[in-house]
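*Asks:* sequence? don't have it. structure:
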């Protein structure tokens with residue numbers, strides 16, 4: 001019996017030494033992605049051993065040490081498993097602060113995997129624990145993530161409330177990086193509310209912090225926002241410049257998710273400026289990265305953009321194949337804005353080919369968005385009615401064209417859209433009656 005106990009103690013000590021060795025490596029190599037690329041499987045093995053031998057504190061520290069690397073490399077499924085291990089360990093020793101941090105990280109990975117309900121549940125748990133602990137930094141982080149999630153679900157008033165509360169905490173903490181992140185998120189909210197000057201102001205304030213402090217991974221995101229603002233204003237060369245700078249920086253940092261996002265934007269703008277060779281290069285690389293990360297929404301977006309590129313080049317068969325797969329993925333994700341985007345682009349494709357029935361089906365599916373409280377949804381509905389008006393005009397059904405264009409105009413007017421004047425002028429010049437009436 002004594003011999004058996006000695007053997008067990010030996011294995012326990014050996015496991016502790018092995019886990020301790022890798023934990024020491026993690027702590028000594030912060031930000032060394034080359035080290036983690038080479039050794040991550042060994043680290044995962046050490047963490048499994050830590051769970052087996054109930055080395056709970058070491059396990060928690062190890063998982064927290066590799067979390068940021070795994071997130072940036074798109075290792076979502078592996079880090080989810082490690083976070084679950086760390087959660088069990090933290091609960092076993094009643095370590096509330098570790099549980100709260102774990103909830104924060106688990107929610108972030110769930111968000112990356114488009115598991116939005118899970119993300120909200122995790123962050124709500126984290127926020128409750130953080131408040132009980134009186135930890136303003138953790139409260140700030142959880143409020144920030146809940147604000148981001150509210151932006152994702154287009155609840156902009158709720159989002160701004162979360163983000164402004166978090167900003168007050170970040171400023172009280174005098175935490176430059178948290179302040180920069182929150183200003184960037186407030187930029188997004190302002191943009192989605194069509195407040196471009198306000199969005200640009202938030203973005204530039206954040207950029208001043210990230211560049212002065214050397215937060216390169218944060219700077220890449222801000223360059224995405226500046227490019228989108230410039231594009232919205234019609235300043236396409238400026239937008240491309242921001243995104244190319246962001247892509248170069250993202251490659252240096254090694255953030256695959258950001259690289260994917262920037263490639264989407266660069267591909268789209270290259271199509272708009274008829275730089276088709278660059279567009280295909282950007283989109284194909286972006287598609288490879290998005291698929292590697294398992295980003296179905298991003299993959300759908302890229303496939304549609306690639307389809308639009310093929311359509312511009314007259315490669316109709318390849319265009320239709322990409323668009324079909326894109327719409328299928330969008331429906332699988334059950335993401336209404338993405339589905340509507342796909343339908344509108346597919347409708348425009350059929351419209352250009354004078355395939356009236358197929359175009360009509362695409363546009364008609366988007367018209368219920370006219371009842372949405374969200375301006376971006378109503379904009380999509382306005383574009384859909386505008387597409388239907390073009391179809392009816394081509395059929396010389398002028399009364400139906402007038403009706404559809406009138407609905408489009410009302411929606412455009414309601415949101416102050418730049419296309420309002422052109423639709424109004426088109427209606428004024430429209431013939432009366434139908435050819436076959």
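*Replies:* Arrived safely. Note that this is a predicted model, so its numbers are computed, not measured. Numbers count the residues shown, from 1 in each chain.
*Asks:* show me the shaky parts of the stretch 151-300 of the chain.
*Replies:* For the stretch 151-300 of the chain, no stretch has pLDDT under 70.
*Asks:* quick one: the helices in it?
*Replies:* Assigned helices in the stretch 151-300 of the chain, in chain order: 156-173, 176-192, 196-213, 216-232, 236-253, 256-272, 276-293, 296-312 (criterion: DSSP state H, counting those that start in this stretch).
*Asks:* now distance to residue 102 and mean neighbour count too, for those helices, in JSON lines please.
*Replies:* Quick note: C-beta positions are derived from backbone N, CA and C, even for glycine. Shown next, in JSON lines, are the helices of the stretch 151-300 of the chain (distance: least, CB to CB, whole Å; neighbours: other CB atoms under 10 Å):
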{"stretch": "helix 156-173", "distance to residue 102": "20", "mean neighbour count": "18"}
{"stretch": "helix 176-192", "distance to residue 102": "19", "mean neighbour count": "22"}
{"stretch": "helix 196-213", "distance to residue 102": "27", "mean neighbour count": "17"}
{"stretch": "helix 216-232", "distance to residue 102": "22", "mean neighbour count": "22"}
{"stretch": "helix 236-253", "distance to residue 102": "25", "mean neighbour count": "18"}
{"stretch": "helix 256-272", "distance to residue 102": "21", "mean neighbour count": "23"}
{"stretch": "helix 276-293", "distance to residue 102": "22", "mean neighbour count": "19"}
{"stretch": "helix 296-312", "distance to residue 102": "26", "mean neighbour count": "23"}
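*Asks:* which among these is found nearest to residue 334?
*Replies:* Among the helices of the stretch 151-300 of the chain, the nearest to residue 334 by CB to CB is helix 296-312 (10.4 Å).
*Asks:* about what we covered before: will you turn the helices of the stretch 151-300 of the chain into a markdown table that also has distance to residue 93?
*Replies:* Formatted as a markdown table, the helices of the stretch 151-300 of the chain follow (distance: least, CB to CB, whole Å):
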| stretch | distance to residue 93 |
| --- | --- |
| helix 156-173 | 27 |
| helix 176-192 | 28 |
| helix 196-213 | 35 |
| helix 216-232 | 32 |
| helix 236-253 | 35 |
| helix 256-272 | 33 |
| helix 276-293 | 33 |
| helix 296-312 | 37 |
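*Asks:* do you know which of those helices lies nearest residue 421?
*Replies:* Proximity to residue 421 (CB to CB) singles out helix 216-232 among those, at 17.6 Å.
*Asks:* show the pLDDT at residue 20.
*Replies:* Note for residue 20: predicted pLDDT of 68.
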